[in-house]
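**Q** what follows is a predicted structure for the sequence shown.
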Amino acid sequence: MKIHPSDRKVEKCMRCRRRYRGHGEWNLQYDLGREVGVLCPDCQTPEENAEAVINEATIDYAKTVEMTEGEFVVRDLIRRSEEAAGKVARAAVAAGDRDLRHDDVIREVKDGLPARYPGTITQRDDMIRRIVTDVLSGDLYEDAP
Ligand SMILES: [Zn+2]
């Protein structure tokens, strides 16, 4: 997570015990949604960094929806959007079409949702559209401050 825990008390890296001094890309680590500590930039694996970026986006999206299942739903929708984007992209390439249309990806995500998926259709449509847009543009994976 690209947070800057400048307002935090004395934080030490979970692995090397280095102290956080107010700069650098330190990441909060979570276990089942609970904060368990921080990692300094040197100790983060690429996987942990990618996970952190997804976590940040998840929390950002989840704040915008009034659902108790918010974070779960967002994570699930991100995964579904990534899969749908891959599937639509492969189909487009196979058909000799170079365009990857957002609407096709969005439809693919919606069509794949289970019947009893949480949230209202309006909430879901809005979130799916935002997530697909961010997945396709790459914004979801950027190290935004
Ligand atoms: Zn460290």
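**A** Thanks, I have the structure now. Computed from a prediction, not measured in an experiment: that's the story for all the values here.

**Q** now the spatially most central residue of the chain: closest residue in space that isn't a chain neighbour?
**A** The geometric centre of the chain, computed from its C-alpha atoms, lies nearest to Ile54 (C-alpha atoms, centre = their mean), at 2.9 Å. Among residues not flanking Ile54 along the chain, Ile78 sits closest, at 6.6 Å (C-beta to C-beta, 6 or more residues apart in numbering). C-betas here are computed from N, CA, C, even on glycine.

**Q** which parts of the protein sit against the ion?
**A** Cys13, Arg15, Cys16, Arg18, Cys40, Cys43 (C-beta under 5 Å from the ion).

**Q** what strand or helix carries the most far-flung residue of the chain relative to its centre?
**A** Computed with C-alpha atoms, centre = their mean, the residue of the chain farthest from its C-alpha average is Gly96, at 30.4 Å. Using DSSP states H and E, Gly96 sits in no helix or strand.

**Q** and the pLDDT for it?
**A** pLDDT for Gly96: 86.

**Q** next: Ala62.
**A** pLDDT for Ala62: 64.

**Q** just checking, Val38 is part of a helix?
**A** No - read with DSSP: H, G, I helix; E, B strand; the rest coil, Val38 is strand and lies in no helix.

**Q** can you give me the strands in the chain?
**A** 27-31, 34-39 (DSSP state E).

**Q** how near is the residue nearest to the centre of the chain to the ion?
**A** 21 Å (C-beta to the ion, to the nearest Å).

**Q** could you check how far that residue is from Phe72?
**A** Counting by C-beta to C-beta, to the nearest Å, the separation of Ile54 from Phe72 is 13 Å.

**Q** what's around Cys16, how many residues?
**A** 11 (other C-beta atoms under 10 Å).

**Q** how about it: what's its closest non-neighbour residue?
**A** In space, Cys16 is closest to Cys43, 5.6 Å off (C-beta to C-beta, 6+ apart).

**Q** give me the pLDDT for the one you found.
**A** pLDDT at Cys43 comes out at 92.

**Q** and if you look at Lys12?
**A** 87.
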